[in-house]
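> turn this into a structure:
(chains A, B, C and D)
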2 protein chains.
Amino acid sequence: MAKSDAATPRERYRAQVRAEIKQHAWEQIATAGASALSLNAIAKRMGVSGPALYRYFAGRDELITELIRDAYRSLADAVHAAAVTGADPAALAHVLRDWALADPHRYFLIYGTPVPGYHAPDEITGISQEIMADLLTAWTAFEPDAPASPFAAHLADHRDWAGDHPAPPGVLRRALAFWTRLHGVLSLELAGHFTGMGFDPALLFQAELDGLVGCEG
Amino acid sequence: MAKSDAATPRERYRAQVRAEIKQHAWEQIATAGASALSLNAIAKRMGVSGPALYRYFAGRDELITELIRDAYRSLADAVHAAAVTGADPAALAHVLRDWALADPHRYFLIYGTPVPGYHAPDEITGISQEIMADLLTAWTAFEPDAPASPFAAHLADHRDWAGDHPAPPGVLRRALAFWTRLHGVLSLELAGHFTGMGFDPALLFQAELDGLVGCEG
DNA sequence: ACGAGGAGTTACAACTTCTCACGAATGCAT
DNA sequence: ATGCATTCGTGAGAAGTTGTAACTCCTCGT
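As a prediction, this is how the structure comes out:
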């Protein structure tokens, strides 16, 4: 980040304080969830008064928006780091699972119940497409001739979300199923809906992952 | 409900006020989400003072707990109503989807980001098992000899969640995939993660539904 | 008819986000 | 180095929230 290095001292201080605020916010989210995030509590822990934080964030919404952006960025980076080493879809799936288990609240910040007044800025959709691009590339390398179902044909006709990625229809469908099915298992597991059911969520995740290869739909 | 009919006038009045409070709560949740639910606002709309509500609910948590319970009950009733007519899994899937689309916030109350201090009472797990029982019955009738994968064998060894339902291993796995896959699609759709991606969520839902039959995993 | 208990009220405490006006510290330019 | 301008942090305070406590009043059962 050359820009932040070359900035004025004031800007550097500002960026540092913003980062410190966000760090405290993450700690608070990790323990009590995003809905319990309190600017006042953050200020108290930092040893400053409440209104001081408003010099750095316009309000709670802007802070949460930034945290969501950072969470997306973190996930995209994790996926991309694995993707550039030529990881296959299964490896990417475990990167996703590990990332989610490392901080469930962070996962829910992205994929959980939407925040009431929040609307994703364009930057988010861009990051989302980055992740999807890595998924499409991995699936293209792994199973370039995935069978094309009728729904895959529909996807081929509506492939805005794939950017200009040249993945064939069958791969589009694979990547989408990868996302929705693994999210289905992960979100239920993280929300605790499997506790007390007896089976091992990790095995279910693996089974869903295995089921992604070799059947149409 | 014979009990509420035979109760004293005071108890009947009490039940009626509780129902009215919950109704206003649902309206508020439908518009702004559960996190924006305010006892004060409910009281204002009912024309009473804030603390009056504490005669009927111990606090916000108890009200939300009850709403979650009612939501589960509503879903279980919807599924069961279809199940008793001998509906196949596809029909149950559309019942689920219709129920979710009718009030996304209600769906998220059950399957979305867990409420911080909330722990499901035993009654909830009971209702959850009711739903699962209807699913298992429908799948057993539809595809009694579903193939048993290694994971299905694991499920057969850990079938607490199925109660005493005699569904074979392959059916256990089908019902579980039904739940997780459809939830994966639904929750992402309701949270708006598909908006701007171009394709039709209904077709994706249908494709995932179709994919549930005829492949192992 | 009367006593007991429930319902609703106001007042208050402890929170929350967020605005405003003020003083102090800091960096930049002269 | 001096002075100005911008920014930072503060305290006060408004408008909310949940939740408690004490008090009145009405109603219901005896």
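> next structured bit after the helix or strand of chain A with the lowest mean pLDDT?
The weakest-scoring helix or strand in chain A, judged by mean pLDDT, DSSP states H and E, is helix A:2-5 (a mean of 44). Using DSSP states H and E, the helix or strand that directly follows helix A:2-5 along the chain is helix A:9-32.
> compute the inter-axis angle for the helix or strand that that next one is followed by and helix A:9-32.
Following helix A:9-32 in sequence order, the next helix or strand is helix A:39-46 (DSSP H and E). When axes from the mean of the first three to the mean of the last three CA atoms, to 10 degrees is applied, the directions of helix A:39-46 and helix A:9-32 differ by 110 degrees.
> can you name every helix or strand that helix A:39-46 contacts?
helix A:9-32 (3 or more CB pairs under 8 Å, 6 or more residues apart in numbering or on different chains; DSSP states H and E). (Glycine included, C-beta is placed from N, CA and C.)
> 10 Å instead?
helix A:9-32, helix A:60-83 (3 or more CB pairs under 10 Å, 6 or more residues apart in numbering or on different chains; DSSP states H and E).
> what parts of chain A come near DNA strand D?
Residues of chain A lying close to DNA strand D (CB under 7 Å from any atom of the strand) are A:10, A:13-14, A:17, A:47-52, A:55-56.
> any chance of those residues in CSV, plus pLDDT and distance to B:R69?
Formatted as CSV, these follow (pLDDT from 0 to 100; distance: CB to CB, whole Å):
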residue, pLDDT, distance to B:R69
A:R10, 80, 54
A:Y13, 91, 50
A:R14, 95, 48
A:V17, 97, 44
A:G47, 96, 43
A:V48, 96, 42
A:S49, 95, 42
A:G50, 93, 37
A:P51, 96, 41
A:A52, 97, 42
A:R55, 97, 44
A:Y56, 98, 41
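> and the residue of chain A that's closest to DNA strand C?
A:G59 (3.0 Å; CB to the nearest atom of the strand).
> and stretch A:109-117, which residues are buried?
Residues A:109-115 are the ones in stretch A:109-117 that count as buried (16 or more other CB atoms under 10 Å in any protein chain shown).
> looking at those residues, which are in helices?
Within these, residues falling in helices by DSSP state H are A:109-111.
> out of those residues, who's nearest chain B?
Taking CB to the nearest CB as the measure, chain B sits nearest to A:Y111 out of those, at 7.0 Å.
> that closest one contacts A:S187, correct?
Yes. If you go by CB atoms under 10 Å, A:Y111 and A:S187 touch, sitting 6.2 Å apart.
> sorry, back to before: residues in contact with the residue of chain A closest to DNA strand C?
A:G59 makes contacts with A:39, A:53, A:65, as judged by CB atoms under 10 Å, 6 or more residues apart in numbering or on different chains.
> okay if I get these as CSV plus neighbour count?
As requested, the contacts of A:G59 are exported to CSV (neighbours: other CB atoms under 10 Å in any protein chain shown):
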residue, neighbour count
A:L39, 20
A:L53, 22
A:T65, 21
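> which one of the buried residues of stretch A:109-117 is nearest DNA strand D?
A:V115 (17.0 Å).
> just give the nearest non-adjacent residue to A:I110, would you?
With sequence-adjacent residues excluded and distances taken as CB to CB, 6 or more residues apart in numbering or on different chains, A:I110 is closest to A:A71, at 5.2 Å.
> so how far is chain B from the one you found?
Per CB to the nearest CB, to the nearest Å, A:A71 is found 13 Å from chain B.
> residues touching that residue, list them.
Here A:A71 is in contact with A:26, A:29, A:99, A:103, A:105-111, A:124, A:127 (CB under 10 Å, 6+ apart).
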